[in-house]
Every structure is written in structure tokens, then in C-alpha cells.
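*Asks:* generate a structure from the sequence data that follows.
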Amino acid sequence: MRLLLISDTHARALPEQVWAEVTAADVVVHAGDWVEPDLLDELEARGKRLIGVHGNNDGADLRARLPEIARADLDGVRLAVVHETGAKQGREQRCDAQFPDTDVLVFGHSHIPWDTTTPAGLRLLNPGSPTDRRRQPFCTYQTARISQGALVDVELHELPPRG
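*Replies:* You can find the predicted model right below:
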């Protein structure tokens, strides 16, 4: 099972490279801050399966369609998605306490790519943003696979600067 992880798109058009990943993915995960519902509509239409949450910049229309926390069992991997996890300091301990029955937690908000494993074995992934790099050198997204009940081949992709 192929996964595409994105977040913090902020109503900006996705690069063609990301649309190619949408087509290739079995599941697209979006960790919030869509800002406008157009991308939600398009991902629902073009993707095979979408798991998404609303973020702090999302209005009532998106909040009505998306949960604050999404959970799914993907071939034996217990996935959760949330927009914010709080400050970097203490993140692993907070997430262990808040998501005890989860194998992988995808989050966004900071636009800073993140890939760590907590003391309890929870994998924390933040794909950054494919459209708004903020203070990062590149816009980014992540891909991964699920094989035999495990998350494998997690990869951070850097996008070329937009011209």
C-alpha cells in the first residue's frame, strides 16, 4: 500500500510532482490547513482514498467536512492524523500519552518536516508543506509504504523552487 503524506497546503495549487504522487498513492493523508475546500474536493475526486483533518486556518466549511483527529487501520498499521501536536519540546511524551493505541501519527502545522519514533514506539511524521516552505529551504512532502503490517520506505521529498 502506497501512502502520500501532505499538510499545510494553504489554498495554493499543488505542484505537478505531487499530483503524480496522488495518482500513484493508494491513500493520501492531509494533516490540515487546507484554507479553501477546492483541494479537498479535487483530492476526493482524483485520489483512491483520502484521510484528512482540519487545521487551525480552516474555516467552518472545512471543519464541517473534516474531523480534528482521523484514525484508520491500514493493513494492520494503526494510523492517526492531527494538525497540531504542540511545541517541539516534549512532543514525543505528549503524543505517547495522547495516542497510546497508534502506530503512526501524521501531523502538520509547523511546515517543518519531522520523522522520529517515540520511546513507546509511535512513529511521528510531519511532511512539511508542498506549497509553503516558510523558513525551510524547500517545500516538501513524504511518501511511505505499508507492507506486512509495517510502515516502510518513509521518504522525504524536496520540491524544486517554483518559478
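*Asks:* which residue packs closest to D61, ignoring adjacent ones?
*Replies:* Nearest residue to D61 in three dimensions, chain neighbours excluded: P37, at 5.5 Å (Cβ to Cβ, 6 or more residues apart in numbering). Placement of C-beta: from N, CA and C, glycine included.
*Asks:* ok, that neighbour to D58 distance?
*Replies:* 9 Å (Cβ to Cβ, to the nearest Å).
*Asks:* please identify which of those two sits among more neighbours.
*Replies:* More neighbours surround D58 than the other of P37 and D58, with 24 against 17 (other Cβ atoms under 10 Å).
*Asks:* strands of the protein, start to end?
*Replies:* With strands called from DSSP state E, the chain shows them at 2-6, 27-30, 50-52, 69-74, 77-82, 104-106, 114-117, 123-126, 140-147, 150-158.
*Asks:* let me have those strands in CSV, extended by distance to D132 and mean pLDDT.
*Replies:* Output for those, formatted as CSV (distance: least, Cβ to Cβ, whole Å; pLDDT from 0 to 100):
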stretch, distance to D132, mean pLDDT
strand 2-6, 11, 98
strand 27-30, 14, 98
strand 50-52, 17, 98
strand 69-74, 22, 98
strand 77-82, 19, 98
strand 104-106, 17, 98
strand 114-117, 16, 97
strand 123-126, 13, 98
strand 140-147, 10, 98
strand 150-158, 14, 98
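*Asks:* Throw the ones you listed into JSON lines and include mean neighbour count and distance to G90, thanks.
*Replies:* As requested, the strands of the chain are arranged in JSON lines below (neighbours: other Cβ atoms under 10 Å; distance: least, Cβ to Cβ, whole Å):
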{"stretch": "strand 2-6", "mean neighbour count": "25", "distance to G90": "23"}
{"stretch": "strand 27-30", "mean neighbour count": "25", "distance to G90": "24"}
{"stretch": "strand 50-52", "mean neighbour count": "22", "distance to G90": "26"}
{"stretch": "strand 69-74", "mean neighbour count": "15", "distance to G90": "19"}
{"stretch": "strand 77-82", "mean neighbour count": "21", "distance to G90": "16"}
{"stretch": "strand 104-106", "mean neighbour count": "26", "distance to G90": "15"}
{"stretch": "strand 114-117", "mean neighbour count": "14", "distance to G90": "13"}
{"stretch": "strand 123-126", "mean neighbour count": "23", "distance to G90": "12"}
{"stretch": "strand 140-147", "mean neighbour count": "20", "distance to G90": "23"}
{"stretch": "strand 150-158", "mean neighbour count": "14", "distance to G90": "23"}
